[in-house]
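Asks: The amino acid sequence is not available; the structure is as follows:
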């Protein structure tokens with residue numbers, strides 16, 4: 001070896017195929033930014049978590065990421081070393097870029113998903129969304145900030161071309177390098193050692209985070225590792241799945257209505273307030289002037305103090321409201337599939353009594369498969385955004401326009417009905433993420449937090465729509481003979497427990513909803529029901545108000561006109577499977593996190609904000625509650641099997 005050769009050159013020669021400085025430049029010009037980028041994203045997520053942010057805590061939550069990135073870098077150095085030239089080297093180079101792009105895509109998506117929801121991205125969520133790419137395109141186009149797209153595009157462009165450009169520039173500046181004629185046979189042991197070391201670090205990245213922490217086992221794993229692991233777990237679960245067990249007929253499967261001496265032919269209107277939580281509307285929070293019209297309406301309505309969704313997701317909540325049953329406890333909107341609902345829904349029942357039925361929505365029919373879902377609910381007519389004129393209206397989120405867009409089609413439909421009894425649902429969308437409040441009624445300053453402020457202004461807009469809708473019914477002479485059910489489908493999180501949005505948020509801010517029933521001539525002094533109640537109570541309450549009896553079937557809910565059993569237990573499930581479940585018995589609330597993080601137990605009468613976890617004091621009760629949730633999930637899904 002020439003005296004002029006440096007120590008770095010000698011080390012390069014020992015790596016078999018990495019003879020040139022150009023090879024090192026090529027590899028490190030991509031691996032170093034790649035590792036820095038991944039660790040920066042994870043550090044940002046860790047720092048966004050509530051609680052202490054000491055160095056040891058940060059490093060503890062980043063162990064998996066550090067081991068993964070070390071192993072990943074060593075893997076490619078070793079592969080380049082064992083493929084010095086020719087076709088094998090070209091294959092390794094192509095794979096190098098392709099896998100970097102794949103990991104970059106997963107890591108970036110996981111980071112963005114965590115920032116928006118406060119929960120981790122896993123294989124199940126990706127598998128659910130990819131087949132519906134046409135439906136999520138608006139979300140990507142309007143819901144992801146432009147700067148995020150620019151940075152991601154720049155990262156992808158660099159991952160494809162950066163190493164080649166940098167290596168060529170270095171080669172031109174430093175001149176060509178030649179390799180020695182031959183190397184010591186022992187040098188081939190070095191790349192093998194690198195590959196073994198890479199797999200060792202990779203194995204360590206899998207093991208880290210198996211003990212539940214407050215942040216969650218899934219959060220402690222590197223994002224790409226977590227997606228791969230959950231994919232493997234899903235494959236194993238499917239292979240040994242017992243979900244093909246016997247089906248159970250739903251108790252309400254054969255239900256129909258029988259008129260009584262109390263029967264009244266009043267109209268029924270469901271007003272679906274999207275992503276609306278009680279603490280953010282005036283009837284439940286007198287210090288917040290977001291919904292003054294709803295507040296005035298509540299003074300002549302029946303208001304439920306503690307009302308809940310069952311699954312905090314729009315389509316799932318709609319199943320409970322429209323059909324009076326728990327939804328199918330799976331991620332996809334299985335209820336929109338043919339025969340997807342195991343019991344007659346309210347529109348089905350009223351159709352048989354001569355009612356005309358219609359559903360209006362200010363969003364696209366692809367949103368949560370509502371085109372097919374409306375048909376399965378029994379609605380004879382359905383008007384989505386595609387059938388409405390958008391001129392003069394503002395977009396309110398990535399899948400819809402402001403809710404006033406429904407007023408014109410509603411007016412035309414009501415005029416055509418004459419004096420016929422009808423049931424109508426208005427599915428509002430303005431409250432939904434990404435919170436773009438229309439400006440027709442001005443905006444107010446509710447919060448210094450920009451996202452929360454935009455959300456509260458969206459709820460304020462929904463209040464204007466509700467007033468406009470009531471005015472329309474009054475002008476058309478249909479107000480006095482109509483029962484209005486005004487409900488939130490689910491709440492919304494804004495970091496109160498480190499969670500955002502609603503799908504996988506088991507806390508009160510996401511599970512509790514406003515629920516009012518306004519029926520002119522009833523509740524004129526304003527009535528209050530303590531609860532706890534959930535969406536399954538809407539159907540029996542409406543039928544009670546109309547004076548119908550249910551024959552040949554039984555729905556699980558209770559009429560809010562009558563006493564709710566004191567020992568009632570409400571069950572809840574997050575949308576994405578194996579994320580979380582919860583139950584409330586009286587004011588005692590239990591949350592099960594499937595081992596991802598410690599289970600929680602709260603006494604809502606003393607701790608309504610769910611700050612003090614009593615799980616350590618309730619071990620026996622927790623076991624019973626967990627068993628009840630498992631049995632509820634199994635029995636509910638058995639009623640959906642066909």
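Replies: That came in fine, so what should we check first? None of the values given here were measured: they were computed from a predicted structure. Numbers count the residues shown, from 1 in each chain.
Asks: Helix or strand with the lowest mean pLDDT in this structure?
Replies: Every helix and strand in the chain was compared by mean pLDDT, DSSP states H and E; the lowest is helix 7-13, with a mean of 47.
Asks: now the longest helix along the chain: how far from the chain's centre is it?
Replies: Counting residues, the longest helix found in the chain (DSSP state H) is helix 86-117. Chain-centre distance of helix 86-117: 24 Å, with Cα atoms, centre = their mean, to the nearest Å.
Asks: List the buried residues in that helix.
Replies: When neighbours are counted by 16 or more other Cβ atoms under 10 Å, the buried residues of helix 86-117 are found to be 89, 92-93, 96-97, 100, 103-104, 106-114, 116-117. In this view, the C-beta of every residue, glycine as well, is placed from N, C-alpha and C.
Asks: Now the residue nearest in space to the middle of the chain: closest residue in space that isn't a chain neighbour?
Replies: The C-alpha lying nearest the average C-alpha coordinate of the chain belongs to residue 503 (Cα atoms, centre = their mean; 3.4 Å). The shortest distance from residue 503 to any non-neighbouring residue, by Cβ to Cβ, 6 or more residues apart in numbering, is to residue 575 (4.1 Å).
Asks: Make sure that neighbour is actually in contact with residue 504.
Replies: Yes: taking contact to mean Cβ atoms under 8 Å, the distance of 6.4 Å between residue 575 and residue 504 places them in contact.
Asks: Show me which of the two is the more surrounded one.
Replies: Taking residue 575 and residue 504 together and counting by other Cβ atoms under 10 Å, residue 575 has the greater number of neighbours (24 against 21).
Asks: coming back round to it: show me the contacts for the residue nearest to the centre of the chain.
Replies: Applying Cβ atoms under 8 Å, 6 or more residues apart in numbering, one finds that residue 503 lies in contact with 117, 119, 312-313, 574-576.
Asks: and it, how far is that from residue 436?
Replies: Using Cβ to Cβ, to the nearest Å, residue 503 is found at 20 Å from residue 436.
Asks: thinking again about what came up before, now do the SS call for the residue nearest to residue 503.
Replies: Classification of residue 575 by DSSP: H, G, I helix; E, B strand; the rest coil places it in coil.
Asks: how near is it to residue 268?
Replies: Per Cβ to Cβ, residue 575 is found 28 Å from residue 268.
Asks: now the strands: where do they sit in the stretch 301-450 of the chain?
Replies: All strands of the stretch 301-450 of the chain, identified by DSSP state E, counting those that start in this stretch, fall at 302-304, 307-308, 356-361, 381-383, 395-397, 400-401, 422-427.
Asks: any chance of those in CSV, with mean pLDDT and distance to residue 408 too?
Replies: Conversion of the strands of the stretch 301-450 of the chain to CSV gives the following (pLDDT from 0 to 100; distance: least, Cβ to Cβ, whole Å):
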stretch, mean pLDDT, distance to residue 408
strand 302-304, 97, 30
strand 307-308, 98, 31
strand 356-361, 98, 10
strand 381-383, 97, 10
strand 395-397, 92, 17
strand 400-401, 94, 12
strand 422-427, 98, 13
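Asks: which helices and strands sit right next to the longest helix of the chain?
Replies: Counting contacts by 3 or more Cβ pairs under 8 Å, 6 or more residues apart in numbering; DSSP states H and E, helix 86-117 packs against helix 21-47, helix 55-82, helix 146-174, helix 223-239, strand 500-501.
Asks: Now do it against helix 55-82: the angle between them, please.
Replies: An angle of 160 degrees separates the directions of helix 86-117 and helix 55-82 when computed by axes from the mean of the first three to the mean of the last three Cα atoms, to 10 degrees.
Asks: next structured bit after helix 86-117?
Replies: Proceeding N to C from helix 86-117, the next assigned helix or strand is helix 123-129, under DSSP states H and E.
Asks: coming back round to it: out of the helices and strands packed on helix 86-117, which is closest to residue 362?
Replies: strand 500-501 (19.3 Å; Cβ to Cβ).
Asks: So what touches the closest one?
Replies: Here strand 500-501 has contacts from 115-118, 433, 492-494, 510, using Cβ under 8 Å, 6+ apart.
Asks: Direction included, what does that strand pair up with?
Replies: strand 493-494 (antiparallel) (DSSP bridges).
Asks: pLDDT of the strand it pairs with, averaged?
Replies: Here the mean pLDDT over strand 493-494 is 95, rounded to a whole number.
Asks: same question, stretch 221-234
Replies: Stretch 221-234 shows a mean pLDDT of 88 in the predicted model.
Asks: And it, how far out from the chain middle?
Replies: On the basis of Cα atoms, centre = their mean, the separation between the geometric centre of stretch 221-234 and that of its chain is 18 Å.
Asks: buried residues in that stretch?
Replies: 221-230, 234.
Asks: Now for the residues you listed: which two are most distant?
Replies: When Cβ to Cβ is used, the two most widely separated members of the buried residues of stretch 221-234 are 222 and 234, lying 18.2 Å apart.
Asks: Output the below-cut-off pLDDT ranges for the protein.
Replies: 1-21, 51, 131-144, 174-188, 209-211, 237-245, 642 (pLDDT under 70).
Asks: what about 50?
Replies: For the chain, residues meeting the criterion pLDDT under 50 lie at 1-14, 16-17, 176, 178-186, 242.
Asks: Among the buried residues of stretch 221-234, which one lies nearest to residue 528?
Replies: Lowest distance from residue 528 to the buried residues of stretch 221-234 (Cβ to Cβ) belongs to residue 230, with 44.2 Å.
Asks: Was I right to think that closest one contacts residue 121?
Replies: No: checked against Cβ under 8 Å, the pair residue 230 and residue 121 is beyond contact range at 9.2 Å.
Asks: Please confirm that residue 571 is located within a strand.
Replies: Yes: with the criterion set as three-state DSSP, the secondary structure at residue 571 is a strand.
Asks: show me the residues around it that make contact.
Replies: Contacts for residue 571 were tallied using Cβ under 8 Å, 6+ apart; they are 310, 326, 581-583, 628-629, 632.
Asks: Any figure for the gap between it and residue 327?
Replies: If you go by Cβ to Cβ, the gap between residue 571 and residue 327 works out to 12 Å.
Asks: now do residue 312
Replies: With distances taken as Cβ to Cβ, residue 312 is found 11 Å from residue 327.
Asks: Looking at the two, which is more packed in?
Replies: Between residue 312 and residue 327, residue 312 has the larger neighbour count (other Cβ under 10 Å), namely 30 against 26.
Asks: Can you tell me the closest non-neighbouring residue to the more buried one?
Replies: The shortest distance from residue 312 to any residue that is not its chain neighbour, by Cβ to Cβ, 6+ apart, is 3.8 Å, and that residue is residue 490.
Asks: hang on, the earlier thing: out of the strands of the stretch 301-450 of the chain, which one sits most buried?
Replies: For the strands of the stretch 301-450 of the chain, ranked by mean neighbour count under the definition mean count of other Cβ atoms under 10 Å, the leader is strand 307-308 at a mean of 27.
Asks: ok, and what's touching that strand?
Replies: Residues external to strand 307-308 that are found in contact with it (Cβ under 8 Å, 6+ apart): 278, 487, 511-515, 531-535, 570, 572, 584.
Asks: cutoff 7 Å now
Replies: 511-515, 531-534, 570 (Cβ atoms under 7 Å, 6 or more residues apart in numbering).
Asks: same check, this time on stretch 429-441
Replies: With contacts defined as Cβ under 7 Å, 6+ apart, stretch 429-441 is touched by 142-143, 273-276, 361-363, 394-400, 402-403, 443, 451, 454-455, 457-459, 461-462, 464, 501.
Asks: If we go by neighbour counts, what in stretch 509-529 is buried?
Replies: 509-520, 523, 529.
Asks: mind putting those residues in a markdown table, distance to residue 159 and secondary structure included?
Replies: What follows is the buried residues of stretch 509-529, written out as a markdown table (distance: Cβ to Cβ, whole Å; DSSP: H, G, I helix; E, B strand; the rest coil):
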| residue | distance to residue 159 | secondary structure |
| --- | --- | --- |
| 509 | 39 | helix |
| 510 | 37 | helix |
| 511 | 41 | helix |
| 512 | 44 | strand |
| 513 | 44 | strand |
| 514 | 47 | coil |
| 515 | 50 | strand |
| 516 | 53 | strand |
| 517 | 56 | strand |
| 518 | 57 | strand |
| 519 | 61 | coil |
| 520 | 63 | coil |
| 523 | 62 | coil |
| 529 | 58 | strand |
